[in-house]
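> got a predicted model here, sequence first, then my questions.
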Amino acid sequence: MASRSEQINTILGQLVTNNGNDINGAALISSDGILISSRMSADVNADRMGAIAATMMGVTTRVVNDLKIGKANEAIVNAESGYLLVMPVATQMILAIILRQHANLGMIRIEARETGRAIAELMSA
Amino acid sequence: MVNYKIVITGAYAAGKSQFIRTVSEIDVVDTDVPVTHTEEKELKHHTTVGLDFGTLTIDAEQRLLLFGTPGQERFDFMWEILAEGCLGYIVLVDSCRPAHFNETIVVLERFAAMTPVPFVVAATKQDLPGALPPTYIRRRLGLPNDIPILACVATDYAAVSDVISTLLDRIDVLAQDSSSSPVTHKEHSHG
Ligand SMILES: Nc1nc2c(ncn2[C@@H]2O[C@H](COP(=O)(O)OP(=O)(O)OP(=O)(O)O)[C@@H](O)[C@H]2O)c(=O)[nH]1
Ligand SMILES: [Mg+2]
């Protein structure tokens, strides 16, 4: 039986390999910014990524609270040659996905939500 | 590898970004932008608006994740975001600017209200002329005697690691003192 962290790694790995043309890397991070698991290309420092993604999610949560528009589902940064998507998953965790330029954002958002559900299920098991 | 989250905070221009830059073994994440506020520009030209982030390995099993905060109170929401889950924090105070002591008191009060974890104070810029002694700064900040205040030069590796070790000792001691109560500190294992 694979450990929980191995299982998380497998789930992230599936997300990345199933969407190889669109996804450059994915990471699961605790909401306080500590990396839990990552599938990142070597040119990205996963620890830095964790700190940044958690800050982004924290700021996003803060913004939606101030604007009173409910809870944050995700935050997307649209950049010149790619995207960063962060979303809360399970309890106090964040899924961060780096997308390539021209990625199918709509599709990946659906996949990301499914990945989030799979992680939540695993964590509550 | 176990990661421990430590927060470096303090008022504007206290040396938080420098402190992390001095000891981090990875290229730090820095979110400094040019200062536009006239008064604040008198002190320096760049300021942190998001976070600083660096890492410091203690030994084969343990590593510190250092999160630096912005200094100005208008970014106080970042203090909350960054303080989440930290094991301890370090409050930096510029030894040369008594005018900033009141802002430092605000930081101290806000952090104490946010989290019960141990902290130490480091009086930075002790290498500069006009630096006030830590004992005097302690009095001005109204720091209780059981909270360490250390003389520090944020550009100096040995001085910065000394402050960090003092905090780590405190975290250990306080964890042992409260061994009867459940440990609330989170540990995250890597990978
Ligand atoms: N000589 C000397 N210079 C220092 C020391 N600490 C910080 N500095 C310098 O003071 C300036 C301000 O330091 P920063 O690290 O930007 O301060 P900060 O607390 O991050 O500032 P904000 O993010 O804007 O609140 C930089 O030029 C530092 O290199 C110190 O102990 N000695
Ligand atoms: Mg700074």
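Noted; the coordinates are in hand. Numbers count the residues shown, from 1 in each chain, chains lettered A, B, ... in the order given. Ligands and ions are numbered 1, 2, ... in the order given.
> now do the SS call for whichever residue of chain A sits closest to chain B.
Residue of chain A nearest chain B, by CB to the nearest CB: A:Asp32 (2.9 Å). Where you see a C-beta, it was placed from the backbone N, CA and C, and this is true even at glycine. Three-state call for A:Asp32 (DSSP: H, G, I helix; E, B strand; the rest coil): coil.
> go on, B:Tyr4?
Reduced to three states by three-state DSSP, B:Tyr4 is strand.
> could I get the pLDDT score of it?
pLDDT recorded at B:Tyr4 is 94.
> how about the helices in chain A?
Assignment of helices within chain A using DSSP state H yields the ranges A:4-18, A:46-67, A:105-124.
> picking that back up, show me what contacts the closest residue to the residue of chain A closest to chain B other than its chain neighbours?
Spatially, and ignoring its direct neighbours in sequence, A:Asp32 is nearest to B:Gly85 (2.9 Å; CB to CB, 6 or more residues apart in numbering or on different chains). If you count contacts by CB atoms under 8 Å, 6 or more residues apart in numbering or on different chains, B:Gly85 has them with A:30-34, B:5, B:186.
> interface residues of chain B facing ligand 1?
Chain B comes close to ligand 1 at residues B:10, B:12-18, B:44, B:47-48, B:70-71, B:124-125, B:127-128, B:153-155, as judged by CB under 6 Å from any ligand atom.
> could you check which residue of chain A lies nearest ligand 1?
A:Thr55 (14.3 Å; CB to the nearest ligand atom).
> what is the burial count for the closest residue to A:Ser81 other than its chain neighbours?
Nearest residue to A:Ser81, sequence neighbours excluded (CB to CB, 6+ apart): A:Gln101, at 4.7 Å. Neighbours of A:Gln101 under the rule other CB atoms under 10 Å in any protein chain shown: 11.
> in the helix-or-strand element of chain A with minimal mean pLDDT, what's buried?
Least confident helix or strand of chain A, by mean pLDDT, DSSP states H and E, is helix A:46-67 with a mean of 91. Neighbour counts using 16 or more other CB atoms under 10 Å in any protein chain shown place A:46-61 of helix A:46-67 among the buried residues.
> for B:Pro144, state which of the residues you listed is nearest.
Distance to B:Pro144 across the buried residues of helix A:46-67 (CB to CB) is lowest for A:Gly58, with 30.3 Å.
> quick check: which ranges of chain A have low pLDDT?
Low-confidence segments of chain A (pLDDT under 70): A:1.
> what residues are up against the closest residue to ligand 2 within it?
Ligand 2 sits closest to A:Thr55 of chain A, with a gap of 13.9 Å, by CB to the ion. Residues in contact with A:Thr55 (CB under 8 Å, 6+ apart) are A:33, B:50-51, B:78, B:81-82.
> rebuild those residues as a markdown table, extending it with neighbour count and secondary structure.
Compiled in a markdown table, these are given as follows (neighbours: other CB atoms under 10 Å in any protein chain shown; DSSP: H, G, I helix; E, B strand; the rest coil):
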| residue | neighbour count | secondary structure |
| --- | --- | --- |
| A:Gly33 | 28 | coil |
| B:Gly50 | 23 | strand |
| B:Leu51 | 29 | strand |
| B:Met78 | 24 | helix |
| B:Ile81 | 24 | helix |
| B:Leu82 | 29 | helix |
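> which of these sits closest to A:Glu121?
The closest of the contacts of A:Thr55, once distances to A:Glu121 are taken by CB to CB, is A:Gly33, at 23.9 Å.
> next, give phi and psi for that closest one.
Backbone geometry at A:Gly33, expressed as degrees, to the nearest 10, gives phi 90, psi 20.
> and it, how far from A:Ala53?
8 Å (CB to CB, to the nearest Å).
> same check, this time on A:Ala103
17 Å.
> what subset of the residues of chain B next to ligand 1 is buried?
Neighbour counting with 16+ other CB under 10 Å marks B:10, B:12-18, B:47-48, B:70-71, B:124-125, B:153-154 as buried within the residues of chain B next to ligand 1.
> so of those residues, which ones are in helices?
Those of those lying in helices (DSSP H): B:16-18.
> secondary structure element for B:Tyr89?
Using DSSP states H and E, B:Tyr89 maps to strand B:88-94.
> which residues touch whichever helix or strand comes after that strand?
Counting by DSSP H and E, the element after strand B:88-94 in chain order, helix or strand, is helix B:101-114. Residues outside helix B:101-114 that contact it (CB under 8 Å, 6+ apart) are B:9-12, B:14, B:71, B:73, B:76, B:79-80, B:83, B:89, B:91, B:93, B:119, B:121, B:137, B:140-143.
> now, which of the residues you listed lie close to chain A?
B:Glu80 (CB under 8 Å from any CB of the partner chain).
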